[in-house]
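Colleague: Only the shape, not the letters, is given here:
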């Protein structure tokens, strides 16, 4: 498991809690939501695709984007018909309302399927982190969202079990002093709602199980969708293989090893090698080889909020859709729409097309931006004097667009 660097003596409970928590919290019932298409990694003949990047606990911004792309109505019901909606991973962390987002996604899965559409909630690195117990980026509001009238009793039971666990595990000279100071520190580390949060994110819990029913990388109409990217290290794996491996690995919960594909910095949940705005011959070759390996036209990635707007590079062969939707990143709001061969962007409710040349598209995105988005503003300032539409001359080694 990827260990929380903040763990101290009280952290001995970190390796123990899921087993104890599941016993303490037994009220999480099996999900009756529509099952994901487990075992399927590829779809064809889809008329409309909408892709939204990282949400990070911002339900309000996410819902607004669903309304703007006409996937839901004001009652939060699916109206997208046969559209395939791809949420490209990272629902949780950094914001307070991940539970609301996941509950809505679960509901929409069933409604979309009945209408002939699909909701593809891809696994991102933060979904894997929550299942594995790496809670460094969990917002305090996430725990509060699980608090109910029984939370204090569960918290006390967890505290008592923590003490018993430490007493049975450590030598007497290693034991902390279980006084009021220790308990105050413990309560700060494990606030109300923590027990319920961990039970829900356990591999067999409501959200842990739901995540494990999904894919990490899919292909629709020749477009690859993946949270981080597919590096040359894993390019030889099929989509089915990568999905099956990660689903299997996540059953290990807080025992997930650092060597797992789900933890690999070059794996599909973490790889950032493609997410660079400046085009280079090295990445161009990598993208060409990647698309050839999977017989795809383009790849859509999230994970890295580089621009505060959706950005297309390499003549639409790479599209980056993590715009920093969450308030944590400043709240830029945009979704990618693919209809046939046409790519467009829904940017703050305004449809922008085409995505290339980049200069014209970014000028239109800037004009369409009515809400201050610091990430986008900083991106435009960094581009001052940079020609993103200059042809890439790969006859020169290590060439790049200046």
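Modeller: Perfect, thanks for sending it. Since the structure is predicted, the reported quantities are computational estimates derived from the model, not experimental observations.

Colleague: any idea which residue sits dead centre in the protein?
Modeller: With the centre of the chain defined as its mean C-alpha position, the nearest residue by Cα atoms, centre = their mean is residue 90, 1.5 Å away.

Colleague: Let me know the pLDDT of residue 371.
Modeller: Residue 371 carries a pLDDT value of 85.

Colleague: how much space between it and residue 360?
Modeller: Separation of residue 371 from residue 360 (Cβ to Cβ, to the nearest Å) stands at 22 Å. C-beta: built from backbone N, CA, C; applies to glycine.

Colleague: Repeat that for residue 174.
Modeller: 65 Å.

Colleague: Tell me which of those two has more neighbours.
Modeller: Neighbour tally, residue 174 and residue 360, criterion other Cβ atoms under 10 Å: the higher count belongs to residue 360, 13 against 10.

Colleague: dump the residue contacts of that one.
Modeller: Under the criterion of Cβ atoms under 8 Å, 6 or more residues apart in numbering, residue 360 has no contact partners.

Colleague: tell me which element it falls in.
Modeller: helix 358-368 (DSSP states H and E).

Colleague: Quick check: buried residues in that helix?
Modeller: 358, 361, 362, 364, 365, 368 (16 or more other Cβ atoms under 10 Å).

Colleague: Let me know the closest of the residues you listed to residue 301.
Modeller: Distances from those to residue 301 were compared by Cβ to Cβ; the smallest belongs to residue 358, at 16.8 Å.

Colleague: where along the protein do the helices fall?
Modeller: Counting by DSSP state H, one finds helices in the chain at the ranges 17-24, 59-68, 98-114, 125-132, 140-144, 151-169, 180-189, 194-201, 206-212, 239-249, 281-293, 358-368, 374-382.

Colleague: could I get those helices as a markdown table with mean pLDDT and distance to residue 264?
Modeller: Output for those, formatted as a markdown table (pLDDT from 0 to 100; distance: least, Cβ to Cβ, whole Å):
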| stretch | mean pLDDT | distance to residue 264 |
| --- | --- | --- |
| helix 17-24 | 62 | 23 |
| helix 59-68 | 98 | 28 |
| helix 98-114 | 98 | 24 |
| helix 125-132 | 98 | 10 |
| helix 140-144 | 98 | 26 |
| helix 151-169 | 96 | 30 |
| helix 180-189 | 96 | 29 |
| helix 194-201 | 98 | 21 |
| helix 206-212 | 98 | 18 |
| helix 239-249 | 98 | 10 |
| helix 281-293 | 97 | 17 |
| helix 358-368 | 95 | 31 |
| helix 374-382 | 92 | 27 |
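
Colleague: still on that earlier bit, may I have the residues that are in contact with the residue nearest to the centre of the chain?
Modeller: Neighbour list for residue 90: 53, 54, 55, 56, 124, 125, 126, 127, 227, 302, 303, 322 [criterion: Cβ under 8 Å, 6+ apart].

Colleague: Likewise for residue 289?
Modeller: Neighbour list for residue 289: 232, 235 [criterion: Cβ under 8 Å, 6+ apart].
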